[in-house]
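Colleague: got a sequence here, can you build the structure:
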Amino acid sequence: MVKTVQVQKVGGPEVMAFVDSELADPGPGIVRVGNRAIGLNYIDTYHRSGLYPLPLPTSIGLEGAGVVEAIGEGVDLSVGDRVAYCAAGFGAYSEAILLPAERLVPLPEGIDFDTAAAVLLKGATVEYLLQRLYALQPGQRTLFPAAAGGVGLLFGQWASALGAEVIGTVSSEAKRELALANGYSHCFLHEEADIVGKVREITGGSMLAVVYDGVGAATFTDSLDCLAPRGLMVSFGNASGSPPAFDLQQLSARGSLFITRPSLMSYVATQAEMRDSAAAVFERVLDGRLKVTIAQRYPLAEVQRAHAELEARRTVGSSLLIP
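Modeller: Numbering: from 1, shown residues only. Modelled structure (predicted):
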């Protein structure tokens, strides 16, 4: 038996139950991983609330790090190996989990479990956003709302290391200071500042070639209005709710804009893509180009509190659930 978090019906944090669950022996190509740290990500709240529907009842959670406890036939890992995962299936909110071996990432020396579970999903997100979806160039400016979140802090560091000038928005003065310490050249309180006006001032009216928006409804229109003609809107999340229904004619009216709604899973769909993305993230952590801020750790049994604080914007950086 293992302790696991189960969702019987969609809703708020209260629908998550901490229960005992049977875990079968791993079959061919499958590995049992004993979790040592579990990543808390905003997408987990979408699965819990039903915004991204899953068959019920379900377990949730996409990211974790731990030790291989048992293996099935045909697996190229060994019992005792240290591994991490972020795109291997659902159910990370558990003391142990069965996962396809080909979706696991071996941990290099120097990357501990907490760091791996805090950085892999968020770092792989930043990697594909900056290196494969749109290759941000030195000297370019971009906007990233929610700059002090787990993805936002990594994005600021990575983009500034590329030589880009990054503009962020946050919800408090403390978060603004944190963003500025993590690569952002400018950062504004989104509820007080005229973000479009600030971007126009910073760019001398030329606006931006690309905006990366993971907030959704609350920032969508402003993000579009910060784009230059033929600019790209990367709408990769819905932290404030889904963006409003949109008339495509508005892209023409705003200057022949482009828009994309990507997901990490499409960019790490193969074993090679997943491992290459993880290697790029871990390399930057090990050489100091990426510093991982783990600001919250919650016992797995307190998962309801963790989700409530995440959705209330009371967290900064990365958060972990500890089995």
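Colleague: just the element for the residue nearest the centre of the chain, please.
Modeller: Nearest to the mean C-alpha position of the chain, by CA atoms, centre = their mean, lies residue 122 at 3.6 Å. Counting by DSSP states H and E, the element that carries residue 122 is helix 113-127.
Colleague: what mean pLDDT does that helix get?
Modeller: Averaging pLDDT along helix 113-127 gives 98.
Colleague: can you check stretch 30-39 too?
Modeller: Here the average pLDDT along stretch 30-39 is 98.
Colleague: straight-line length of stretch 142-152, end to end?
Modeller: 12 Å (CA to CA, to the nearest Å).
Colleague: buried residues, it. List them.
Modeller: 142-152 (16 or more other CB atoms under 10 Å). No exception for glycine: its C-beta is placed from N, CA and C like everyone else's.
Colleague: among those, name the ones in helices.
Modeller: Among the buried residues of stretch 142-152, the ones falling in helices (DSSP state H) are 150-152.
Colleague: so can I have TSV of those showing pLDDT?
Modeller: Converted to TSV, those look like this (pLDDT from 0 to 100):
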residue	pLDDT
150	91
151	95
152	96
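Colleague: which stretches in the stretch 51-200 of the chain count as strands?
Modeller: 58-59, 63-71, 82-85, 96-100, 105-106, 141-145, 165-170, 186-189 (DSSP state E, counting those that start in this stretch).
Colleague: for the longest strand belonging to the chain, output the C-alpha coordinates as CSV.
Modeller: Looking across the chain with DSSP state E, the single longest strand is strand 30-40. C-alpha atoms of strand 30-40 as CSV (Å, rounded to 0.1, in the frame of the first residue of the first chain):
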residue,chain,number,x,y,z
ILE,A,30,7.4,-0.2,-16.7
VAL,A,31,9.3,1.0,-13.6
ARG,A,32,8.2,1.6,-10.0
VAL,A,33,9.6,4.9,-8.7
GLY,A,34,9.6,5.8,-5.1
ASN,A,35,9.1,9.5,-5.0
ARG,A,36,11.3,11.6,-2.9
ALA,A,37,10.0,15.0,-4.0
ILE,A,38,7.0,16.0,-6.1
GLY,A,39,6.6,19.1,-8.2
LEU,A,40,3.6,21.3,-7.7
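Colleague: neighbouring strands - and their directions - for that strand?
Modeller: Partner strands and pairing direction for strand 30-40 (DSSP bridges) are strand 63-71 (antiparallel), strand 96-100 (antiparallel), strand 318-322 (antiparallel).
Colleague: taking helix 113-127 as reference, get the angle to it.
Modeller: 80 degrees (axes from the mean of the first three to the mean of the last three CA atoms, to 10 degrees).
Colleague: quick one: the helices in the chain?
Modeller: Under DSSP H, the chain gives helices at 42-49, 113-127, 150-161, 173-180, 195-203, 220-225, 249-253, 264-267, 271-286, 303-311.
Colleague: now these in CSV, with distance to residue 73?
Modeller: What follows is the helices of the chain, written out as CSV (distance: least, CB to CB, whole Å):
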stretch, distance to residue 73
helix 42-49, 31
helix 113-127, 26
helix 150-161, 37
helix 173-180, 47
helix 195-203, 55
helix 220-225, 48
helix 249-253, 51
helix 264-267, 26
helix 271-286, 18
helix 303-311, 34
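Colleague: wait, which of the ones you listed is closest to residue 82?
Modeller: Closest to residue 82 of the helices of the chain, according to CB to CB: helix 113-127, at 7.4 Å.
Colleague: for the closest one, packing partners?
Modeller: Here helix 113-127 touches strand 30-40, strand 63-71, strand 82-85, helix 150-161, helix 264-267, helix 271-286, strand 294-299, strand 318-322, going by 3 or more CB pairs under 8 Å, 6 or more residues apart in numbering; DSSP states H and E.
Colleague: what mean pLDDT does the longest one have?
Modeller: It stands for helix 271-286. 98.
Colleague: how about residues contacting that helix?
Modeller: Helix 271-286 is contacted by residues 84, 87, 102-103, 105, 107-108, 110-111, 115-116, 119-120, 123-124, 126-128, 131, 158, 161, 267-268, 290-292 when judged by CB atoms under 8 Å, 6 or more residues apart in numbering.
Colleague: for the buried ones among those residues, write the corresponding PyMOL selection.
Modeller: Entered in PyMOL, the line below selects the buried ones among the contacts of helix 271-286, by 16+ other CB under 10 Å:
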select buried, resi 84+87+102+103+105+107+111+115+116+119+120+123+124+126+127+128+158+267+268+290+292
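Colleague: if we can go back for a sec, the helices of the chain: which one's closest to residue 35?
Modeller: Per CB to CB, nearest to residue 35 of the helices of the chain: helix 113-127, 8.2 Å.
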